[in-house]
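J.: Sharing a model prediction with you, sequence too.
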Amino acid sequence: MDLARFPRRRYTQGFTPIEPLPRLSKALGGADIWIKRDDLLGLAGGGNKTRKLEFLVAAALAEGADTLITVGAPQSNHCRLTLAAAAREGLKCRLIIEERVPGSYSPEAVGNNFLFQLMGAESLRVVPLGTDLAAEMSTEAAAVRAAGGVPHSIPGGGSNPLGALGYAACAAEVVAQSFEMGMSFDRFVVASGSAGTHAGILAGLTALNSRLPVHGVSVRRDRTTQEGNVHTLAVATAALLGTPAPDAEAVQVDDAQVGPGYSLPTDAMIEAVQLLARCEGVLLDAVYSGKAMAGLIAAVRDGRIDRKERVLFLHTGGAPSLPAFAEILRH
Ligand SMILES: *Cc1c(COP(=O)(O)O)cnc(C)c1O
């Protein structure tokens, strides 16, 4: 796997840490749980989109773009980090906010919404669920061109094959750290949303001949749909890399934590966020990493993950949205 031939901007120095979670492991009575701290990636507030943007923004700069356009939910970490990358590179940034839960957008909302304002999005346009987002981005791009600018559109979540390379790189990082630590993991637990993270990891692990099983926890879609989305993107990412395509059987999605839907709270998410905050001082978020950790906890409790296993949990970030969920998480 030759990632070095792809243009890349660097937003993080070195590797993110892999740390043990001894008090969580003890609270659950096993497994031996470790955490990969991608919440500590670079750009404002960190999180998984930073790795994707290293490749996506490099491509935008190579095209001579002066304006990034992207789309996300009202508390989108991806929009926050795209805006942060734009600020870092001296680019402008236009956001399209998809109101996935009707009535959920409020201009006064704290969390990431406040950060969109603080980091100076050039525009923020709210569209309802069901809008053709690719068409909205084309309209936005046409407006930029009409004003004499050079737009570059980045898909929701940064989840195309180029963005997923960021997580192929993360897979290589985990394999290297695991070797360095002299320690192998039995399972990798990751949140699965727009699928670039899950797919990139699978493409990277397959390219490296690693047999580490990946347990994806869906935050939005049912298992069959999400497994299809992840596999399609993993195959396209492997094609871009010129490496073997992951098998469909390697794609495992657990959809038991979606609850009433994307970004809507569940008791298991609340328990997971509170448990990690109180017993490890680690801040998860309500939309992604809290539900992913709830999936890990449930799988340990019901024996799908054996208590003797050594499990690595990917912390994909998201804590900057926590203030917007304070009422739900307070108790
Ligand atoms: C976007 C996001 C995810 C999901 O990653 P995908 O690549 O979209 O599947 C997980 N956690 C956080 C905090 C995110 O912002």
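T.: Structure's in. What do you need? Just so we're clear, the structure is a prediction, and the values are computed from it rather than from any experiment. Residues are numbered from 1 along each chain as shown.
J.: Can you tell me which residues in the stretch 1-150 of the chain are near the ligand?
T.: By CB under 6 Å from any ligand atom, the residues of the stretch 1-150 of the chain that approach the ligand are 47-49, 77-78. C-beta coordinates here come from the backbone N, C-alpha and C atoms, glycine included.
J.: If you rank the residues you listed by neighbours, which is first?
T.: Taking other CB atoms under 10 Å to define a neighbour, the member of those with the most is Lys49, carrying 36 neighbours.
J.: do you know how far it is from Pro102?
T.: Distance of Lys49 to Pro102, given as CB to CB, to the nearest Å: 25 Å.
J.: Likewise for Glu136?
T.: Distance, Glu136 to Pro102, using CB to CB: 17 Å.
J.: the more surrounded of those two?
T.: Glu136 (17 against 8).
J.: correct me, but the more buried one touches Val71?
T.: Yes - Glu136 is within contact range of Val71, at 6.9 Å (criterion: CB atoms under 8 Å).
J.: who touches both of those two?
T.: Ile96 (CB atoms under 8 Å, 6 or more residues apart in numbering).
J.: Check the burial of Arg307 by counting its neighbours.
T.: Residues near Arg307, counting by other CB under 10 Å, number 13.
J.: In three-state terms, label it for me.
T.: Of the three states, Arg307 takes coil according to DSSP: H, G, I helix; E, B strand; the rest coil.
J.: for it, what are its contacts?
T.: Here Arg307 is in contact with 29-31, 300 (CB under 8 Å, 6+ apart).
J.: Give me the phi and psi for it.
T.: phi -70, psi -10 (degrees, to the nearest 10).
J.: what do you get for the one 5 residues further on?
T.: The main-chain torsion angles of Leu312 are listed as degrees, to the nearest 10 and equal phi -110, psi 120.
J.: can I assume it is in contact with Trp34?
T.: Yes - with contact defined as CB under 8 Å, Leu312 reaches Trp34; the gap is 5.0 Å.
J.: Helix, strand or coil: sort out Ser194 for me.
T.: Ser194 falls in the coil class when you classify it by three-state DSSP.
J.: What's the end-to-end length of stretch 322-329?
T.: Counting by CA to CA, to the nearest Å, you get 9 Å between the two ends of stretch 322-329.
J.: in that stretch, what counts as buried?
T.: Going by neighbour count (16 or more other CB atoms under 10 Å), the buried part of stretch 322-329 is 322, 324-325, 329.
J.: Closest one to the ligand out of those residues, please.
T.: Using CB to the nearest ligand atom, Leu322 is the member of the buried residues of stretch 322-329 that sits closest to the ligand, with 10.9 Å.
J.: so that closest one makes contact with Tyr288?
T.: No - Leu322 is not in contact with Tyr288 according to CB under 8 Å; the separation is 11.8 Å.
J.: Tell me where the longest strand sits in this protein.
T.: The longest strand of the chain (DSSP state E) is strand 92-99.
J.: Name the surrounding residues that touch the next helix or strand after that one.
T.: Moving toward the C-terminus from strand 92-99, the next helix or strand (DSSP states H and E) is helix 112-118. Helix 112-118 has contacts (CB under 8 Å, 6+ apart) with 44-45, 74-77, 79-80, 83, 95, 106-107, 124, 320-321, 323-324.
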